[in-house]
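1. Sequence isn't available, so here's the structure alone:
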């Protein structure tokens, strides 16, 4: 098996040095990203450091209950992150979102591990956790786009929405076009990724497997399978997320509840 | 108090509406019977549009009562009102995309699905000098006058008999203004409440509510 080069501390330093480029761009263009670049990077360093230690232990123990617990924590953090990034009040949707994320992702993961990979133990840490992370990470991004888009559109085109209510549309009938638009916008990048995979970019997992010494053929098999799992889970999560918003985000009169938005400072 | 006759459709009693500590409507009282033709006048900001929006349940009022066919406004009733009242708003912000697809979407709802009448649509296009070619254009690219005529035609196609019309003739030339007013006033069964500055809407038998006078009369 080929050896993977470990990145030396000096190498890591050079890598971090690259961040000066986006930070200076942000400074000159007043993107206000300097602070968040530093915070995000620090968070990544700490989180991955902890996860590295934690995963080593979890992989060794490989206890199904512990693995599920770990995926649940990922789900809770993801739900929180969706609401925070979509500028909604956390309390407004967190519980239903956690439930929706849990059901869809666990279902997809179980299906994937038992039928696609054919694992004896579907909660096997080495598969359950990283694949769960990939599926969740991707649907997270799409969910932020969709929920953001939906809230923005419904506010920007409020009169149009009200007009459709005045035509006699039920709330859901009038909201379907907004759902359609948000889901399309959120899923477009995923579909574009699937269509250009291998040519435009080599996905992280495949790269990882190849760097780790796996044959490119196995890496490709896994990549195809994981892309499909991501697409399916993302679609389910995004649609569910918007449906939740449609149910929780409107009052009895069909008016959008501005109270679920986080107040802008 | 005697029982209201069933012909009274809308009754507003001492309705006030405040927005950000500013009083938009003050003690407005209004009674509308079936078949009435009512014209609401007054400078912008006088709260004319608010009257429509509050009856349709788009804007909660601050105080007072609104009755629709004798029943107090509530979250169940407003959905019913929306199925009975045809509302044409000032901005004509009614949709986007190809016009014919937009219209099909509007007539795909449970309460509107059976109402679409293509013959009627085309005859109204002819009546209001709209070219059929706009059916295949994008709504965003239509002129203000075309949008207004389209919104008017759609409101009539919904086969409702109560109309809330908010400045629906502002972008039309005087011949068309007259035609539109004729259409709305010609049916004695139709209840028409119109907000407009256009003199075409002033006719005999039309009740005129001047908001400026109402608000200053205090």
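-> Thanks, I have the structure now. Computed from a prediction, not measured in an experiment: that's the story for all the values here.
2. Could you tell me which residues make contact with residue A:220?
-> By CB atoms under 8 Å, 6 or more residues apart in numbering or on different chains, the contact set of residue A:220 is A:198, A:206. Using the backbone N, CA and C atoms, a C-beta is placed for each residue, glycine as well.
3. so it sits in a helix?
-> Yes: with DSSP: H, G, I helix; E, B strand; the rest coil as the criterion, residue A:220 is part of a helix.
4. what's the pLDDT at residue A:2?
-> We note a pLDDT of 51 for residue A:2 in this prediction.
5. meant to ask about residue A:107, not that
-> 89.
6. how far away is it from residue A:233?
-> 9 Å (CB to CB, to the nearest Å).
7. between the two, who's got more neighbours?
-> The residue with more neighbours, out of residue A:107 and residue A:233, is residue A:233; 25 against 13, by other CB atoms under 10 Å in any protein chain shown.
8. in terms of contact, does residue A:166 touch residue B:57 like I think?
-> No: using CB atoms under 8 Å as the test, residue A:166 is too far from residue B:57 to be in contact (9.6 Å).
9. Between these two, which contacts overlap?
-> residue B:82.
10. Could you give the number of residues near the nearest residue to residue A:169 once chain neighbours are set aside?
-> Distances taken as CB to CB, 6 or more residues apart in numbering or on different chains place residue B:109 nearest to residue A:169, at 4.5 Å, with adjacent residues excluded. As a burial measure, residue B:109 scores 19 neighbours (other CB under 10 Å).
11. Now do the least confident helix or strand in chain A by mean pLDDT: everything it contacts.
-> The helix or strand of chain A with the lowest confidence, counting by mean pLDDT, DSSP states H and E, is helix A:204-211 at a mean of 84. When contacts are defined by CB under 8 Å, 6+ apart, helix A:204-211 is touched by residues A:4, A:134, A:216, A:218-220, A:222-223, A:226.
12. Which secondary structure state is assigned to whichever residue of the stretch 1-150 of chain A sits closest to chain B?
-> Proximity of the stretch 1-150 of chain A to chain B (CB to the nearest CB) peaks at residue A:149, 14.9 Å away. Following three-state DSSP, we place residue A:149 in the helix state.
13. In contact with it: list those residues for me.
-> Residue A:149 neighbours (CB under 8 Å, 6+ apart): A:181-182, A:185-186.
14. filter the residues you listed to the buried ones?
-> A:182, A:185-186 (16 or more other CB atoms under 10 Å in any protein chain shown).
15. Show me which residues of the stretch 101-250 of chain A are close to chain B?
-> Neighbours of chain B within the stretch 101-250 of chain A, by CB under 8 Å from any CB of the partner chain: A:157, A:159-160, A:162-170, A:173, A:177.
16. what ranges of chain A fall below the confidence cut-off?
-> A:1-3, A:201, A:265 (pLDDT under 70).
17. Do a quick rundown of the helices in it.
-> A:9-17, A:20-28, A:34-61, A:64-85, A:90-111, A:125-156, A:158-166, A:171-196, A:204-211, A:216-248 (DSSP state H).
18. tell me which strands and helices the fourth one is in contact with?
-> To tie it back to what came earlier, the one meant is helix A:64-85. Helix A:64-85 sits against helix A:34-61, helix A:90-111, helix A:125-156, with contacts defined as 3 or more CB pairs under 8 Å, 6 or more residues apart in numbering or on different chains; DSSP states H and E.
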